[in-house]
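Engineer: Here's a sequence, model it:
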Amino acid sequence: YLLTDIVAKAYQCGNVVHTHCANNSIAFSGINSMAELVKLQRIYYEERAYAFLNKGVKICDPARFECQGEVDIGYDTEVRPNVSLTGPCTIGSNCLFASNIYISSGSHTFLSNKYLPIKAQDRLGTVDKPILIEDDCWLGFGVVIMAGVYIGKGAIIGSNSVVTKDIYPYTINAGVPSKE
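Structural biologist: Next up is the predicted model:
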């Protein structure tokens, strides 16, 4: 259906139809294909990157930054290219994030019915566990942070590590899974 068809149908059914003044092109763009969806998603990610830049966060390449959900990044944190953040996630100030980092607070509910096709299981939703990364942390290239993890102030995570458990402040951790 076209938007005009939906409005006409709502009016015919006696529903009140209100107007809304869009503040940017994303708000009134239609999505009619997967390509259009991906294009709008990229615009959304870049807008988030520029919002962080305006708050004093250094997003080194806004075109290669992904951020969705509730994410807060502290002042003077530097985020290199190809970082993907899915909140809820809080990142402190003065942190260094190398390239190719993946941080996600969500985990899928795929074990609820193992006989459902995988995409049907994915549509069942996720279970979010917030992530907290305190001030002055350094995450190396290719680090993966799993849901519900706490990383203490001043911690260092070595390249290509997978963090599945909490990290104490001022410690150096590396490996799969990461260890002190």
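Engineer: which is the next helix or strand following the longest helix anywhere in the chain?
Structural biologist: Ranked by residue count under DSSP state H, the longest helix found in the chain is helix 34-54. Note on helix 34-54: by DSSP states H and E, the next helix or strand toward the C-terminus is strand 58-59.
Engineer: ok, back up a step: can you name every helix or strand that the longest helix of the chain contacts?
Structural biologist: Secondary-structure packing of helix 34-54 (3 or more C-beta pairs under 8 Å, 6 or more residues apart in numbering; DSSP states H and E): helix 25-28, strand 58-59, strand 65-68. To be clear about C-beta, it is placed using only N, CA and C from the backbone, and glycine gets the same treatment.
Engineer: weakest of those in terms of mean pLDDT?
Structural biologist: Note on the helices and strands packed on helix 34-54: helix 25-28 shows the lowest mean pLDDT, a mean of 61.
Engineer: ok now the longest helix of the chain, how far from the chain's centre?
Structural biologist: How far helix 34-54 lies from its chain's middle: 12 Å, per C-alpha atoms, centre = their mean, to the nearest Å.
Engineer: which non-adjacent residue is nearest the residue nearest the centre of the chain?
Structural biologist: The centre of the chain sits closest to residue 86, judged by C-alpha atoms, centre = their mean, with a distance of 2.4 Å. Closest residue to residue 86 apart from its sequence neighbours, by C-beta to C-beta, 6 or more residues apart in numbering: residue 104 at 4.2 Å.
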